[in-house]
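# Have a look at this fold, sequence not included:
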């Protein structure tokens, strides 16, 4: 496995590979890798002749009061996991190399970035889009592989790729869960024991909603209310949002007439977890 | 010369060329081609194995009260000129193909887009950056060739290319002038005879400023005032701005201590002309 720390090394390698007509599959991450990330890498391994992974905790997508400084990191462990899973190139750029003095141009996503995490985290998706566009330009992948846990992120990035005519196939992979159903997240490492137990309520709320829909419920208000009531039964759970929106453009809906995504963001202490499920009538 | 009207045809051609390791030079235009554009194409001809030109009057860079509807067009004449100058591929996309329903993601340039045309034309450089990024992604050039008449445009695009790690060399070429010194512009076609004569004052104001600097003047206020006084002597000239700013990042300066650009925007009736010159102490 080659490790590149500078954008210029990364770009030179990618340019040479693409000039030879070879393909690249890419998994961008913020590190502290778990089985969810590794499942993306295994999928990407099958999707291109070369597998590139990146680790960069992107300051541009964190708000002033968010957890940039406490975001968990494990550079040595991450590199070992990448090697084990068959990564060919690990790209670990510094903040100064990606955002040098004078940096000022950003990507402005549209209404799809407005609700859910876009409402809770102003500027978040501007930061996500900007770093992913930069990484796509440096890594030159044919395919970029993302997890569906960050459902809105995937939707916003797909929209960006279409709108900017970015020739990268943006692929979304299923959420990977712990044995107790909690969606894998680097942030789970920061949960206390009680918080960790109560965090199971997220997937149980999704299960409940799914069963309501299976039983014929179509009212968005009723589905959202049922999920929220269940979550509020956990004393350590502090709801950021529980919303059921159109699965394609994330617009508001009243009734479940087409695929919709039930998206949850719940804080346990300072740790904010997200989860989601697509509900189909 | 091949002509592509759809983004998918353009992208497929470019991808095949780049996958063979061959190079592409690109001149994006809004059409109604004049000698300025053709000089860019001749330069580009030398810079890549394949020469691509595009013609697209980009609605995203026009304000609500601007001249999108009256912008001059001559599709047949433009195609003939492109063929004569050696263009290999002419890309003439439609508005609906570049901005289909649901389009919503844009490029947000930073402070470099704030003064000059950025102040007079809110949203203009957001539109310019967005279309150029899209065209770069479709055409995949190694080099993009632009005219220095649109000085701020060139600066904003170079900044975008650096900030987004776009692997395109953004090249700026000298302003091409008519025999009477007026900078070539598609908009010149819309000037009346008296306006056309009086428009010569733009390059005379630049000459005057240059001679003042050569004589030792370093005060920005004095240089700007002299240029503005000269322009105001022409009764049909309506100044939008006359500004002398840092040549690199377009920031405000008080004294001429490093290369600076004197930038002019002057309206003659409904026709807004721009011109500029870099002044070096």
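Thanks, I have it. Just so you know, these numbers come straight off a predicted model, no measurement behind them. Residues are numbered from 1 along each chain as shown, chains lettered A, B, ... in the order given.

# Okay, residue A:47 and chain B: tell me how far apart.
In this view, residue A:47 and chain B are 17 Å apart by C-beta to the nearest C-beta, to the nearest Å. For the C-beta atoms, the positions are set from N, CA and C on the backbone; glycine is no exception.

# wait, what's in contact with that residue?
When contacts are counted by C-beta atoms under 8 Å, 6 or more residues apart in numbering or on different chains, residue A:47 touches A:23, A:25, A:142, A:143, A:145, A:171.

# domains of chain A?
Annotated domains of chain A cover A:2-173, A:186-279 [automatic domain parsing].

# what's the most buried one of these?
Among the domains of chain A, domain A:2-173 has the highest mean neighbour count (mean count of other C-beta atoms under 10 Å in any protein chain shown), at a mean of 19.

# about what we covered before: what would the domains of chain A look like in CSV with mean pLDDT and distance to residue B:12?
Shown next, in CSV, are the domains of chain A (pLDDT from 0 to 100; distance: least, C-beta to C-beta, whole Å):
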stretch, mean pLDDT, distance to residue B:12
domain A:2-173, 97, 10
domain A:186-279, 97, 26
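
# Any part of the longest helix seen in chain A near chain B?
When chain A is parsed with DSSP state H, its longest helix is helix A:124-139. Yes - contact of helix A:124-139 with chain B (C-beta under 8 Å from any C-beta of the partner chain) involves A:126, A:129, A:130, A:133, A:134, A:137, A:138.

# returning to what we had before: now distance to residue B:152 too, for the domains of chain A, in TSV please.
As requested, the domains of chain A are exported to TSV (distance: least, C-beta to C-beta, whole Å):
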stretch	distance to residue B:152
domain A:2-173	14
domain A:186-279	34
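
# Of these, give the one that comes closest to residue B:79.
For the domains of chain A, proximity to residue B:79 was assessed by C-beta to C-beta; domain A:2-173 is nearest, at 23.0 Å.

# tell me which residues form a beta bridge with residue A:172?
residue A:146 (DSSP bridges).

# Contacts only, for it.
By C-beta under 8 Å, 6+ apart, residue A:172 lies in contact with A:146, A:147, A:148, A:154, A:158.

# my guess is the fourth one meets residue A:145, correct?
No - proximity of residue A:154 to residue A:145 does not meet the contact threshold set by C-beta atoms under 8 Å, at 10.3 Å.

# Tell me the spacing between residue A:93 and chain B.
10 Å.

# Does that residue touch residue A:7 like I think?
Yes - with contact defined as C-beta under 8 Å, residue A:93 counts as touching residue A:7 (5.9 Å).

# isn't there a helix covering residue A:154?
Yes - per DSSP: H, G, I helix; E, B strand; the rest coil, residue A:154 lies within a helix segment.

# Kindly report the residues of the stretch 151-281 of chain A close to chain B.
Proximity of the stretch 151-281 of chain A to chain B, by C-beta under 8 Å from any C-beta, involves residues A:159, A:160, A:162, A:163, A:164, A:165, A:166, A:167, A:249.

# and the two most separated of those?
Longest span within those, C-beta to C-beta: A:167 and A:249, 22.4 Å.

# Chain A: strands as residue ranges?
With strands called from DSSP state E, chain A shows them at A:2-4, A:24-29, A:50-55, A:89-91, A:106-108, A:143-147, A:169-173, A:237-246, A:260-268, A:271-279.

# Listing partners with orientation, what would you give for the fifth one?
Okay, so that is strand A:106-108. strand B:106-108 (antiparallel).

# Name the surrounding residues that touch the strand it pairs with.
A:105-108, A:110, A:126, A:163, B:60, B:126-127, B:129-130, B:133, B:160, B:164.

# Show me what the closest residue to residue A:213 other than its chain neighbours is bridged to.
Closest residue to residue A:213 apart from its sequence neighbours, by C-beta to C-beta, 6 or more residues apart in numbering or on different chains: residue A:279 at 4.9 Å. For residue A:279, the beta-bridge partners are residue A:260 (DSSP bridges).

# so which of the contacts of residue A:172 comes closest to chain B?
residue A:158 (10.3 Å; C-beta to the nearest C-beta).

# Next, the contact list for that closest one, please.
The neighbourhood of residue A:158, defined by C-beta under 8 Å, 6+ apart, consists of A:170, A:172.

# again, only using 10 Å
A:112, A:144, A:146, A:166, A:169, A:170, A:171, A:172, A:248 (C-beta atoms under 10 Å, 6 or more residues apart in numbering or on different chains).

# okay but the last one is in contact with residue A:154, surely?
To tie it back to what came earlier, the one meant is residue A:248. No - the pair residue A:248 / residue A:154 is not scored as a contact, 11.6 Å apart, by C-beta atoms under 10 Å.

# Can you work out which residues contact both of residue A:154 and residue A:145?
Counting by C-beta under 10 Å, 6+ apart, the contacts common to residue A:154 and residue A:145 are A:170, A:171, A:172, A:173.

# And the contacts of strand B:106-108, which is closest to residue A:257?
Comparing the contacts of strand B:106-108 against residue A:257 with C-beta to C-beta places residue A:110 closest, at 23.4 Å.

# Which residue is the nearest non-sequential neighbour of that closest one?
With C-beta to C-beta, 6+ apart as the criterion, residue A:110 has its nearest non-adjacent residue at 2.5 Å, and that residue is residue B:104.

# Just list the residues touching the one you found, thanks.
Residues in contact with residue B:104 (C-beta under 10 Å, 6+ apart) are A:108-114, A:156, A:159-160, A:162-163, A:249.

# same question, residue A:143
Contacts of residue A:143 by C-beta under 10 Å, 6+ apart are A:23-27, A:43-44, A:47-48, A:168-171.

# Kindly report the same for residue A:245.
Residue A:245 touches A:115-116, A:151-152, A:155, A:220, A:251-253, A:260-263, counting by C-beta under 10 Å, 6+ apart.

# repeat that for 7 Å
A:115, A:251, A:252, A:253, A:260, A:261, A:263 (C-beta atoms under 7 Å, 6 or more residues apart in numbering or on different chains).
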